[in-house]
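Engineer: coords please:
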Amino acid sequence: MGTNIIAQWRLLRRALDHGRWLGPCYRNYSIFSRSEILLGSSSSSSFSAAPSHRSAPDFQSPTLPFQHCRPLCSASDPSNIIMIKSEDQFKKSLGKAQDEAFPAIFYFTAAWCGPCRLLSPVIKELSKNHPQVTTYKIDIDQEGLERALNDLNITSVPTLHFFQSGKKAGEIIGADVAGIKNIMEKLYK
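Structural biologist: Model (predicted):
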């Protein structure tokens with residue numbers, strides 16, 4: 001049973017790392033046999049990306065069955081929320097906020113962070129209310145961002161840095177919704 005749980009966790013972690021949602025895919029595809037899912041027991045810990053009628057693992061398939069499913073981060077985010085995916089993109093965005101004096105928020109988050117998930121809808125709503133402000137969403141677990149995060153002394157999430165007139169005008173650490181709303185009204189009204 002323990003091996004089955006570990007195998008399920010690894011698959012779920014891999015899916016979350018690639019920004020995929022597994023929900024409806026369980027109807028058509030089985031990672032484990034139906035008896036393993038229903039009974040919670042496993043005689044093997046192998047994965048199968050094959051339809052549920054096949055029992056042998058299929059590691060040769062170039063795509064996983066859940067790649068056609070809905071992604072976790074959708075395009076429905078306001079257009080002024082930009083996902084940062086590399087150190088180069090982060091440096092350009094920070095330079096734009098500092099050198100060109102664009103109003104910006106740098107929102108440091110993580111997929112595993114509960115307070116970040118609670119704060120995410122608030123950030124989306126505030127971004128809709130302040131379309132002149134660009135929000136840069138940075139996942140601290142993104143590869144290649146370690147040096148930039150160390151330079152900015154990001155030690156916990158959620159952390160928000162507010163830029164106005166080319167300078168860092170505020171910082172909030174934690175899911176302080178009232179504080180975030182106050183600083184946004186003060187800076188970006």
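Engineer: pLDDT wise, what is residue 160 at?
Structural biologist: Among the per-residue scores, residue 160 shows a pLDDT of 97.
Engineer: Which residue, other than its chain neighbours, is closest to it?
Structural biologist: Distances taken as C-beta to C-beta, 6 or more residues apart in numbering place residue 172 nearest to residue 160, at 4.8 Å, with adjacent residues excluded. For every residue, glycine as well, the C-beta is placed using N, CA and C.
Engineer: What does the one you found show for phi and psi?
Structural biologist: Dihedral angles of residue 172 (phi, psi; degrees, to the nearest 10) stand at phi -130, psi 130.
Engineer: In stretch 113-126, which residues are buried?
Structural biologist: Within stretch 113-126, the residues scored as buried using 16 or more other C-beta atoms under 10 Å are 113, 116, 119-120, 123, 126.
Engineer: dump the residue contacts of the residue lying closest to residue 104 once chain neighbours are set aside.
Structural biologist: Once flanking residues are discounted, residue 104 sits nearest to residue 97: 3.9 Å by C-beta to C-beta, 6+ apart. By C-beta atoms under 8 Å, 6 or more residues apart in numbering, residue 97 lies in contact with 103-104, 106, 134, 163, 166.
Engineer: Return the closest of these with respect to residue 150.
Structural biologist: Comparing the contacts of residue 97 against residue 150 with C-beta to C-beta places residue 106 closest, at 14.7 Å.
Engineer: what helix or strand does the closest one sit in?
Structural biologist: Per DSSP states H and E, residue 106 falls inside strand 104-109.
Engineer: if we can go back for a sec, Validate this expectation: the residue nearest to residue 104 resides in a helix.
Structural biologist: Yes: the assignment for residue 97 is a helix, going by DSSP: H, G, I helix; E, B strand; the rest coil.
Engineer: Does anything pack onto the helix or strand containing residue 117? Which helices or strands?
Structural biologist: Secondary structure assigned from DSSP H and E places residue 117 in helix 114-129. For helix 114-129, the packing partners by 3 or more C-beta pairs under 8 Å, 6 or more residues apart in numbering; DSSP states H and E come out as strand 81-84, strand 104-109, strand 134-139, helix 177-188.
Engineer: Partner strands of the shortest one, with direction?
Structural biologist: Strand 81-84 has the following sheet partners, assigned by DSSP bridges: strand 134-139 (parallel).
Engineer: The strand it pairs with vs helix 114-129, what angle?
Structural biologist: If you take axes from the mean of the first three to the mean of the last three C-alpha atoms, to 10 degrees, strand 134-139 sits at 160 degrees to helix 114-129.
Engineer: Quick one: name whatever helix or strand follows strand 134-139.
Structural biologist: On the C-terminal side of strand 134-139, the closest following helix or strand by DSSP H and E is helix 146-151.
Engineer: and residue 187, how far is that from residue 126?
Structural biologist: Separation of residue 187 from residue 126 (C-beta to C-beta, to the nearest Å): 11 Å.
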